[in-house]
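>>> Output the structure for:
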Amino acid sequence: AREAQQQQWQVAGEACQRARSARDQLDGLQRAAQLAGDQARAAATLAAAQSREQQASVAQNRADGAFNRAQATLLELRRREIAGMAARLAEGLAEGGTCPVCGSTQHPAPAQPSADSVADGVIQGAEHELADATTAARAAAAAVATIQAELTALREKAGGAAGDPEWAQAAALQAAEALA
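Have a look, this model is predicted:
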């Protein structure tokens with residue numbers, strides 16, 4: 001009777017061991033199926049994210065171009081402003097009055113305004129345009145950085161499936177079927 005009981009305990013222990021092994025295998029299969037599904041979903045979204053990155057890069061290039069043009073315009077306007085400063089100062093000269101630059105009371109050849117002189121309002125407008133272009137360029141650069149970070153995360157999540165989303169989907173289906 002004791003020997004039969006020991007044999008029953010041994011059989012039960014072996015059955016328990018097989019059950020644990022089956023459970024561990026099932027857990028492993030479930031984790032593999034979950035990972036395969038996650039990789040397939042990440043791989044499937046990569047193309048859309050890459051498209052968004054491309055669009056964001058195009059928008060950033062446009063914003064950078066607008067910034068560069070606004071900056072060049074402002075620099076040109078300031079160059080013209082500086083060139084016209086002598087004429088602006090000469091406008092305030094009065095016969096017998098002192099020159100604000102040299103202090104002389106004689107003004108034999110005051111500078112004349114040029115055709116390309118610039119009004120203060122035009123420069124202020126260009127400064128506002130540059131500020132707006134700067135803000136837009138920074139926002140576009142931030143958008144590109146955000147999308148690139150998203151792409152990096154998706155590529156990491158997709159792992160080897162990143163290069164072949166169809167294969168990843170097939171592997172996910174195969175793993176799910178192995179569980180059924």
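>>> and the longest helix that the chain contains, what does it pack onto?
Assignment by DSSP state H gives helix 2-83 as the longest helix of the chain. If you count contacts as 3 or more Cβ pairs under 8 Å, 6 or more residues apart in numbering; DSSP states H and E, helix 2-83 packs onto helix 120-158, helix 165-179. (Glycine included, C-beta is placed from N, CA and C.)
>>> Lowest average pLDDT across those helices?
For the helices and strands packed on helix 2-83, the weakest mean pLDDT is recorded on helix 165-179, namely a mean of 73.
>>> relative to helix 2-83, how tilted is that helix?
160 degrees (axes from the mean of the first three to the mean of the last three Cα atoms, to 10 degrees).
>>> Give me the contact list for helix 165-179.
26, 29-30, 32-33, 36-37, 39-40, 43-44, 46-47, 158, 161 (Cβ atoms under 8 Å, 6 or more residues apart in numbering).
>>> and of those, the nearest to A12?
When those are compared for distance to A12 (Cβ to Cβ), L26 wins out at 20.6 Å.
>>> Let me know how buried that closest one is, in neighbour terms.
11 (other Cβ atoms under 10 Å).
>>> and what of L35?
16.
>>> one step back: export only the CA atoms of the next helix or strand along the chain from the longest helix of the chain, formatted as PDB.
Sequence order places helix 85-91 as the next helix or strand after helix 2-83, per DSSP states H and E. Extracted C-alpha coordinates of helix 85-91, given in PDB (Å, rounded to 0.1, in the frame of the first residue of the first chain):
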ATOM      1  CA  MET A  85      20.600 108.700 -41.800                       C
ATOM      2  CA  ALA A  86      22.700 111.600 -43.000                       C
ATOM      3  CA  ALA A  87      19.800 113.000 -45.000                       C
ATOM      4  CA  ARG A  88      17.400 112.500 -42.000                       C
ATOM      5  CA  LEU A  89      19.800 114.500 -39.800                       C
ATOM      6  CA  ALA A  90      20.100 117.200 -42.500                       C
ATOM      7  CA  GLU A  91      16.300 117.600 -42.600                       C
END
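>>> I'm done for today, thanks for sticking with me.
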